[in-house]
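Participant: with the input below, show me the fold.
(2 chains)
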Protein chains: 2
Amino acid sequence: MRTLSSFLSGTWQPGSTDRTTVLYNPATEEPLAQVGRATDLDKAVAYARNVGGPALRALSFGERGAILKQMAGLLHEHREELIAVSIASGGTTRGDAKFDIDGATGVLATYARLARDLGDKPWVVLDEPAALVRTSKIRAQHVLVPRHGLAIHINAFNFPAWGMIGKAAVSLLAGMPVLSKPGTSTSLLAHRIAELIVEAKLLPEGAFSLLMGSAGDLLDHVGPQDVIAFTGSAYTGALIRGHQKVVAENVRVNIEADSVNAVVAGPDLESDSELFDLFIRDCVTEITQKAGQKCTATRRILVPSKILDEVQEELVERLDEKANQTGNPATKGVRMGPLATKRQLQDAREGLKKLAKDAPIIRGNPERGEFIDVEDGKGYFLEPILLRATPEAARNPNAQFHQTEVFGPVSTLLPYDGSLAQAREIIGYGGGSLVTTVYSDDRKFVAGTVAELGPYLGRLVVADEKSAGGSFAPGCVFPQAQHGGPGRAGCGAELGGRLGLELYMQRTAIQGGASQLARLFGKPKSSD
Amino acid sequence: MRTLSSFLSGTWQPGSTDRTTVLYNPATEEPLAQVGRATDLDKAVAYARNVGGPALRALSFGERGAILKQMAGLLHEHREELIAVSIASGGTTRGDAKFDIDGATGVLATYARLARDLGDKPWVVLDEPAALVRTSKIRAQHVLVPRHGLAIHINAFNFPAWGMIGKAAVSLLAGMPVLSKPGTSTSLLAHRIAELIVEAKLLPEGAFSLLMGSAGDLLDHVGPQDVIAFTGSAYTGALIRGHQKVVAENVRVNIEADSVNAVVAGPDLESDSELFDLFIRDCVTEITQKAGQKCTATRRILVPSKILDEVQEELVERLDEKANQTGNPATKGVRMGPLATKRQLQDAREGLKKLAKDAPIIRGNPERGEFIDVEDGKGYFLEPILLRATPEAARNPNAQFHQTEVFGPVSTLLPYDGSLAQAREIIGYGGGSLVTTVYSDDRKFVAGTVAELGPYLGRLVVADEKSAGGSFAPGCVFPQAQHGGPGRAGCGAELGGRLGLELYMQRTAIQGGASQLARLFGKPKSSD
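Facilitator: Residues are numbered from 1 along each chain as shown, chains lettered A, B, ... in the order given. This next block holds a predicted model:
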């Protein structure tokens, strides 16, 4: 079987093969490749930090942006090949594969464009100089400078392309070298992309490393200038955040973890509107896209009690359709593929048992075995599942649908009274999420959601009748908007245009005479 | 003996007196008061969060700012009384006491002024709307909204006024209720300020709580919307960051810990200049002010080898003077007081033994026993100590003066070759600091320090001949400039004008139609 190598210390290394992990096609269970256990991670970290760091920082923002642009071109050029790898190794439909790969290209292109506004100095100026004391000429002003460490990216299995490249684009533009560890089960795609990047020699030596398989003792080698950005389970997130060396060195850590995202049908939503159609369409997308294996997928659907039956009827009908189109994603006409691994399927079924204690399943059979073009009993398939809570259960802070993210095509209908107070209460029980979408033309209600739901969210999508036609499903993460959320979602923040650079740069206050700051950072726009 | 109560759940509570801690005058060892152990912290936390939070958020930024202004007036009104409390309980000279108390007033006044620019909406708009896709009207824009939790402030003993009020001012303006735990040994001053605040009834019920003595099981009650801001030792910082509940709930944590700050005499610094005089004056201030018990005090003095002897001669002469003015701070003419506790004195003496292995003491006797107006053997005094490293020792990354902060009037002279590369190397061995100051008129060198030293610092002070007359000593933390630093310094950031609000607010991306965002957040300045 083919063994996938890591790219560390500037060379491809197969690693130790005494303990290997095998990757499977999740629709057919055909073995695809194996990965060994990388060694000498101390050297790999030092090499990236000491060779890649200075080389990247020697380039201007503009030069680093130009590399991102070339990387975007490279991915686009190999798009069809990458889609095929994704379908075979990730269980993705063609649409899912494009979502992941084009998402990666999109982040590269966006940050390449952003680079043009960052100037040719080795810093980003954040604000205007502020006087410290009224009678003095001494001022303070804040800049961002690239950290002198390594950006360690530990990614989830669900977006091997977007996850790896989305994080890398921001780090590289900021001036930090990257060591990327893909989620193992779907890492064939990440590995192929890494091969393309290395072969194309677009990046300076040491600026990009790939660690396949287990993270091993990687975290024992972190230092105070490093940044760890992790996407994955809350359990692993807590291990990273609490890791002895990470704590001792005060390493900057960013975590995107579980998230029981919600959507809120506003009190004014009516069933014969374009906004209602968008609401239903988005719900179906966010339940079934990538078989619900998205950190931004919708897990809780808040609906005013008065229209709950209508919403249920529409949703069930559309999910029935998707259920009949679930199967081997390599087959034409299939609209939903399997979960990524056997373990994921087991976890999802166990999670569903928990959820069902507080809200019965009203659509779907977690044990269903037959799917399109799939050998009986093979593959890690789960059909779309919809649950429905009572109004009392919806307001129970301990209900499992507020606490447990089942990482598959699973969502729960939650009735509420249509008030902002109750929406805030129910959203809050999620303990912090990546995204919530509100569908409403009630301007007061919408403004209220910014203030009242905002603290629980990394992103709030506000959809109204006017924008309904051109809206994007809320689970689509655009690089211009922050990705991350408080509490259960990990208390992290990535992307968000220029804001995203802050993760990989050090914010430093520069204090000095007004004329000296003007010489360094340009004349202030307003004189104080 | 007087027992100092905590102010929790809206009432003064003496706490359990089965285990009390006694506070002493550190110059005379006279016992001043005792503190018990607070109970029912679960209730206190819930009360602050659920009563104080909504009440504060019901006020506008302007209204909260007006309260800060009144608090500043209150402190100023009681300034003389507070100075007396500080001298008796903190071992501070009158100058040190003013530094702490006026610092507190200054943060209140600065954030009160800032409030006027924040508008009357419940959010702060951070940027302009960004288009997501060229052909679409959907935009993303970022806002800050107050978190719905409690701001837990765990402060150090060295700034009972500034530490408590500096953190509180920012939280309260952001809209987060505060529970403040002062450093116990000097908490008499924090307690008196809290009494004034509570008695004046300026703040809404529940918005301010005071926890005296031990933190007890406080951290067992934190939640995902809370923020913990800690100032103190790296050891305690690591306990907080690694605390099981803090990790499990992904509580936002900000830490200011040890910091081996440096100053750098530039390659061009000459001894007969105003800038040289400023350099010496600042060094003396940063060694002796508050007997060196400042997180921003200068611990490492980088000097080009060619002028090291001159610098040493000047510094020793000035420190000799201070050594002769060290004693009971209540006595006129005393310019430096004792350390805060017996334990601090022991720790400093032990730390000095470590430092002296890598750099001999060239001025001061750590065991000196006689001081002005102090009964023989009483008080926790340490006279100014200066050490000097060889050029080889200065470049040893494992040298103790790079690693160990001795929290007293202690600093080490480090020769270097005057190059930016060596300055960066030596500064970097500190593993991340709060502040470094560069004294130079060499524009290229200064610009280089921004890019090369910046990543290791929370604040860089650039002092040149032109601004030398009006400069402030680098250890003075102004609320307009960020306070915090990477790595060893805790990887935190507080203050910094408007940036400081980010610690207590949730940054949320709002995604929606261009017209809807314009309605919520105002028309964008530039149309894209």
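
Participant: can you report how many residues lie near the residue in the stretch 401-528 of chain A that chain B sits nearest to?
Facilitator: Nearest residue of the stretch 401-528 of chain A to chain B: A:Gly487, at 2.6 Å (CB to the nearest CB). For glycine as for every other residue, the C-beta is placed from the backbone atoms N, C-alpha and C. Using other CB atoms under 10 Å in any protein chain shown, A:Gly487 has 27 other residues around it.

Participant: I figured A:Val311 hits A:Asp277, correct?
Facilitator: No - counting by CB atoms under 8 Å, A:Val311 sits too far from A:Asp277 to count as a contact (11.8 Å).

Participant: who has more neighbours out of those two?
Facilitator: Per other CB under 10 Å, whichever of A:Val311 and A:Asp277 has more neighbours is A:Val311, with 22 against 14.

Participant: give the closest residue to the more buried one in space, chain neighbours not counted.
Facilitator: Leaving out its chain neighbours, the residue that sits closest to A:Val311 by CB to CB, 6 or more residues apart in numbering or on different chains is A:Val303, at 4.9 Å.

Participant: mind checking the SS state of the one you found?
Facilitator: Three-state call for A:Val303 (DSSP: H, G, I helix; E, B strand; the rest coil): strand.

Participant: quickly list what it is bridged to.
Facilitator: Counting by DSSP bridges, A:Val303 forms beta bridges with A:Pro415.

Participant: A:Arg19: neighbour count?
Facilitator: A:Arg19: 11 neighbours (other CB under 10 Å).

Participant: and A:Thr28, by the same measure?
Facilitator: A:Thr28 has 18 neighbours, counted by other CB under 10 Å.

Participant: go on, A:Glu313?
Facilitator: Counted with other CB under 10 Å, A:Glu313 comes out at 11.

Participant: mind pulling up the phi and psi values for the closest residue to A:Ala234 other than its chain neighbours?
Facilitator: Once flanking residues are discounted, A:Ala234 sits nearest to A:Ala257: 4.2 Å by CB to CB, 6+ apart. With angles defined as degrees, to the nearest 10, A:Ala257 sits at phi -120, psi -150.

Participant: cool, the one 4 residues further on as well?
Facilitator: Comment: the main-chain dihedrals of A:Asn261 come out as phi -60, psi 160, following degrees, to the nearest 10.

Participant: the stretch 151-300 of chain A against chain B: which residues are in contact?
Facilitator: Residues of the stretch 151-300 of chain A found near chain B (CB under 8 Å from any CB of the partner chain) are A:223-225, A:234, A:237-238, A:241-242, A:244, A:247-252, A:255, A:257.

Participant: now do the contacts for A:Ala359.
Facilitator: Listed by CB atoms under 8 Å, 6 or more residues apart in numbering or on different chains, the contact partners of A:Ala359 are A:387-390, A:393, A:399, A:401, A:412-414.

Participant: list just the nearest of those residues to B:Asp442.
Facilitator: B:Asp442 lies nearest to A:Phe401 out of those, by CB to CB, at 63.4 Å.

Participant: is any part of the strand or helix carrying the closest one close to chain B?
Facilitator: Here A:Phe401, judged by DSSP states H and E, is contained in helix A:400-403. No - counting by CB under 8 Å from any CB, no contacts exist between helix A:400-403 and chain B, the nearest distance being 11.9 Å.

Participant: strands of the stretch 301-450 of chain A, start to end?
Facilitator: Ranges of strands in the stretch 301-450 of chain A, per DSSP state E, counting those that start in this stretch, are A:361-363, A:385-388, A:410-416, A:433-439.

Participant: will you turn these into CSV that also has mean neighbour count and mean pLDDT?
Facilitator: Shown next, in CSV, are the strands of the stretch 301-450 of chain A (neighbours: other CB atoms under 10 Å in any protein chain shown; pLDDT from 0 to 100):
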stretch, mean neighbour count, mean pLDDT
strand A:361-363, 16, 98
strand A:385-388, 24, 98
strand A:410-416, 27, 98
strand A:433-439, 28, 97
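
Participant: B:Ile67: which of those strands is closest?
Facilitator: B:Ile67 sits nearest to strand A:433-439 of all the strands of the stretch 301-450 of chain A, at 31.8 Å, using CB to CB.

Participant: show me how far that closest one is from its chain's centre.
Facilitator: Put simply, strand A:433-439 sits 15 Å off its chain's centre (CA atoms, centre = their mean, to the nearest Å).

Participant: quick one: terminal-to-terminal distance for stretch A:172-190?
Facilitator: 17 Å (CA to CA, to the nearest Å).

Participant: got the buried residues for that stretch?
Facilitator: Judged by neighbour count using 16 or more other CB atoms under 10 Å in any protein chain shown, the buried positions of stretch A:172-190 are A:172-190.

Participant: in helices, which of the residues of the stretch 151-300 of chain A next to chain B fall?
Facilitator: Those of those mapping onto helices are A:234, A:237-238, A:241-242, A:244, A:247-248, per DSSP state H.
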